[in-house]
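[1] my questions concern the predicted model and sequence given below.
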Amino acid sequence: MEKIIVIGGLSAGPSAAAKARRENESAEIILFEKGANISYATCGMPYALSGVIESRADLIVVEPSLMRERFNIDVRLEEEVIQIETESKNVITTKGNYQYDKLIFATGARSIVPPIEGVADSTNWSTCRTMGDFDKIMKEAMASESKNITVVGAGLIGVEVAENLIEAGKNVTLIEGANSILPMWDAKFGFFAQSELENKGIKVITGNFVHRFATENNKIKSVHVGNHDIDTDFVILSIGIRPNTELLTSQGAKHIGNGALIVNENMETSIKDVYAAGDNVSIKNLQTGEHDYFPLGTHSNKGGRAAGANAVGRNIKVKGAYKTAIIKVFGYTMARTGLNATALNKLGIDYKTVVSMAGATPGYYPGKTDLISEIYYDPTTKVILGGEFFGEVGVDKRVDVLSTAIYAKLKITDLAQLDLAYAPPFSPAKDPLVVAGFVAENINEDKCSQISTAEFKEFKEETKEDFILLDVRNEDEYNEGHIPNAINIPLPVLRKNLEKLDKNKKVIIYCQKGLRGYVARLILKHNDFASTASIAGGYKIWEMMKEEITIPEPSMV
């Protein structure tokens with residue numbers, strides 16, 4: 001009888017154990033978990049703070065009894081594995097020694113707690129990763145006397161925690177060391193999200209690290225950040241995670257820089273007969289070809305399933321991933337997939353971008369909203385490299401379509417050919433991804449030259465070239481707000497006023513969202529203007545970015 005030992009009971013471990021049993025009825029399978037719970041929803045914890053998830057019990061995905069009764073798994077709770085002897089295939093726990101034929105290592109990761117002055121002497125703080133963390137937050141942070149909560153770290157969990165705390169009536173400060181929140185996105189998308197958080201009452205501080213907590217009677221009373229002291233009743237640390245891999249790295253298991261174990265497509269580690277899955281592993285990035293870190297439940301469950309099957313002789317592959325992610329930001333959704341500008345620049349990969357703001361639903365259907373997208377692609381092959389999205393409706397649909405396109409190695413020009421579902425409650429006849437394909441075609445045919453708000457700022461600051469900034473919106477739109485020093489010639493009368501513009505000067509054009517700017521550029525191009533470009537996303541994105549840019553007075557002829 002084959003002996004399978006699974007270490008870790010969060011998501012990958014139970015998934016591996018259950019799959020191993022489904023594939024092999026006779027194997028002896030033991031699952032060790034050092035805590036009192038298995039298979040709980042870490043990602044659901046923020047939403048349980050505000051009551052969106054109504055009870056603690058709802059966070060428990062699988063009860064130990066189900067694993068024991070349905071799958072005949074020997075589940076050992078509160079029995080920690082303290083040593084693994086891979087040569088002799090022996091696992092040592094706090095209660096005994098166990099031999100194995102195959103080992104599945106699914107120990108996950110732990111929250112990083114930096115050496116902030118005062119943290120070791122205080123009790124009114126927590127991370128947000130385990131059921132123990134959740135219980136402490138519910139007992140102390142959510143108590144009526146805890147009014148002011150500080151969240152340190154504005155990644156996915158930090159932002160979700162901050163949102164749900166303010167929904168629960170707390171005063172919330174969110175602190176991020178990077179220059180923008182949600183730093184796995186491009187900075188402009190982080191700024192979109194930050195604006196929404198601030199609109200809902202969250203105080204957001206970026207570009208600053210917390211170095212000291214002021215304490216009194218073993219309680220944090222204030223957080224020192226930058227030149228400010230922020231009064232607080234409770235602190236939640238969401239700075240990041242570190243893989244729990246020391247038991248195997250000490251045995252020589254190969255790993256990447258953060259300690260995550262390198263596994264192949266079969267989830268095998270570099271140690272014979274040892275598999276690994278979950279937040280403690282590094283799988284291949286399908287775009288770069290290098291091993292990367294993807295600590296999300298999707299990969300934990302797929303990896304656990306493959307590890308469990310392969311441990312009993314099957315051959316299931318996990319080919320890799322490419323950083324698809326999504327987050328709710330109050331009424332908005334932000335998502336990403338593949339490589340963005342930051343990653344592409346770091347890797348030295350040449351790319352083009354297409355920015356569009358398109359309706360997520362038709363203008364004639366009630367509740368019309370816009371969706372902002374930026375898609376990155378190879379300028380030579382036109383293969384899609386990545387994309388980022390922000391909007392109120394339909395973001396999840398579009399990011400999953402683009403993720404599929406990346407896996408299939410589709411080109412940016414293929415987007416316009418996709419047969420996407422259409423009905424007024426769900427999508428316009430021209431889906432935002434199809435629109436992005438159209439815009440890309442126009443860019444590649446030099447019918448539409450885009451310049452981002454950031455590029456425009458750099459252009460203004462770095463070039464000595466004299467240029468004209470042209471607003472082609474209607475006069476009432478211009479009067480309600482415009483980019484400083486722009487001249488206004490509405491699109492319907494542009495052809496009659498071309499003599500007012502110098503054909504030898506660069507003309508930078510914008511409208512409200514982009515379409516009229518594109519048409520205006522074609523008019524100028526067909527009338528022999530030497531150099532023209534449109535600001536991507538128009539005034540709407542400029543306004544969302546709240547750029548404080550002063551530009552020279554434009555020239556007129």
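    Everything's here; your move. Residues are numbered from 1 along each chain as shown.
[2] run the chain-centre distance for stretch 38-55.
    Distance, stretch centre to chain centre, for stretch 38-55: 19 Å (CA atoms, centre = their mean, to the nearest Å).
[3] quick one: end-to-end length of it, please.
    Terminal residues of stretch 38-55 lie 17 Å apart, using CA to CA, to the nearest Å.
[4] any idea what E388 is bridged to?
    For E388, the beta-bridge partners are R336, E374 (DSSP bridges).
[5] that one: neighbour count?
    29 (other CB atoms under 10 Å). Glycine gets a C-beta too; all of them are placed from N, C-alpha and C.
[6] hang on, isn't it packed against S356?
    No: in this structure, E388 is not within contact of S356 by CB atoms under 8 Å, at 11.8 Å.
[7] if I look at those two, which residues touch both of them?
    Both E388 and S356 are in contact with S373, where contact means CB atoms under 8 Å, 6 or more residues apart in numbering.
[8] render the CA-only coordinates of the one helix or strand in the chain whose mean pLDDT sits lowest in PDB, please.
    Least confident helix or strand, the chain: helix 453-462 with a mean of 72, by mean pLDDT, DSSP states H and E. This file holds the C-alpha atoms of helix 453-462, laid out as PDB (Å, rounded to 0.1, in the frame of the first residue of the first chain):
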ATOM      1  CA  THR A 453      -0.900  61.900 -19.900                       C
ATOM      2  CA  ALA A 454       2.400  60.800 -18.500                       C
ATOM      3  CA  GLU A 455       4.100  61.100 -21.900                       C
ATOM      4  CA  PHE A 456       2.500  64.500 -22.400                       C
ATOM      5  CA  LYS A 457       3.900  65.700 -19.100                       C
ATOM      6  CA  GLU A 458       7.400  64.400 -20.100                       C
ATOM      7  CA  PHE A 459       6.900  66.000 -23.600                       C
ATOM      8  CA  LYS A 460       6.100  69.400 -22.000                       C
ATOM      9  CA  GLU A 461       9.000  69.200 -19.500                       C
ATOM     10  CA  GLU A 462      11.700  67.800 -21.800                       C
END
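[9] which parts of it are buried?
    Buried positions in helix 453-462, judged by neighbour count with 16 or more other CB atoms under 10 Å: 453, 456-457, 459-460.
[10] make JSON lines from the residues you listed and add distance to Y47 to it.
    Shown next, in JSON lines, are the buried residues of helix 453-462 (distance: CB to CB, whole Å):
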{"residue": "T453", "distance to Y47": "33"}
{"residue": "F456", "distance to Y47": "39"}
{"residue": "K457", "distance to Y47": "37"}
{"residue": "F459", "distance to Y47": "43"}
{"residue": "K460", "distance to Y47": "43"}
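[11] tell me the one of the residues you listed nearest D279?
    Distance to D279, by CB to CB, is smallest for T453 among these, at 36.2 Å.
[12] name the helices or strands packed onto the least confident helix or strand of the chain?
    Judged by 3 or more CB pairs under 8 Å, 6 or more residues apart in numbering; DSSP states H and E, helix 453-462 is in contact with helix 538-545.
[13] by contact count, what packs against the helix it packs on?
    Secondary-structure packing of helix 538-545 (3+ CB pairs under 8 Å, 6+ apart): helix 187-199, strand 352-359, helix 453-462, strand 506-510.
[14] so which of these comes closest to L174?
    With CB to CB as the criterion, L174 lies closest to helix 187-199 of these, at 6.7 Å.
[15] now what about that closest one, what contacts it?
    For helix 187-199, the external contacting residues (CB under 8 Å, 6+ apart) are 159, 162-163, 174, 179-183, 185, 204, 206, 327, 329-332, 334, 336, 372, 374, 388, 390, 452-454, 541, 544-546.
[16] pull up the pairing partners for the very next helix or strand once past that helix, direction included.
    Using DSSP states H and E, the helix or strand that follows helix 187-199 in sequence is strand 203-206. Strand pairing for strand 203-206, using DSSP bridges, gives strand 171-176 (parallel).
[17] which residues does the partner strand contact?
    Strand 171-176 has contacts (CB under 8 Å, 6+ apart) with 147-154, 158-159, 162, 165-166, 181, 183, 197, 201-208, 210, 223, 225, 230, 232.
[18] just the ones in strands from these, please.
    Secondary structure from DSSP state E places 148-152, 203-206, 210, 223, 225, 230 of the contacts of strand 171-176 in strands.
[19] now for these: which two are most distant?
    Top of the distance list for the ones in strands among the contacts of strand 171-176 (CB to CB): N148 and T206, 19.2 Å.
[20] once you drop chain neighbours, what's closest to the residue nearest the centre of the chain?
    Geometric centre of the chain, nearest residue: A325, 4.2 Å, by CA atoms, centre = their mean. Nearest in space to A325, with sequence neighbours left out and distances taken as CB to CB, 6 or more residues apart in numbering, is R336 at 5.5 Å.
[21] list the contacts for that neighbour?
    Contacts of R336 (CB under 8 Å, 6+ apart): 184-185, 189, 323-326, 386-389, 399.
[22] and with 6 Å instead?
    When contacts are counted by CB atoms under 6 Å, 6 or more residues apart in numbering, R336 touches 185, 325, 388.
[23] next one: V507
    Neighbouring residues of V507 by CB under 6 Å, 6+ apart: 468, 470, 529, 532.
[24] is it true that D471 touches P490?
    No: judged on CB atoms under 6 Å, D471 makes no contact with P490 at a distance of 8.5 Å.
[25] between those two, who's got more neighbours?
    Ranked by neighbour count (other CB under 10 Å), D471 and P490 place D471 first, with 26 against 18.
[26] how far away is the more buried one from D101?
    72 Å (CB to CB, to the nearest Å).
[27] and what of K136?
    Distance check for K136 against D101: by CB to CB, it reads 39 Å.
[28] so between these two, which is more surrounded?
    For K136 versus D101, the count of surrounding residues by other CB under 10 Å is larger for K136: 19 against 15.
[29] per-residue pLDDT, that one?
    Confidence at K136, expressed as pLDDT, is 97.
[30] that one should be in a helix, yeah?
    Yes: under DSSP: H, G, I helix; E, B strand; the rest coil, K136 sits within a helix.
[31] that one contacts W125, correct?
    No: taking contacts as CB under 6 Å, K136 lies outside contact range of W125: 9.0 Å.
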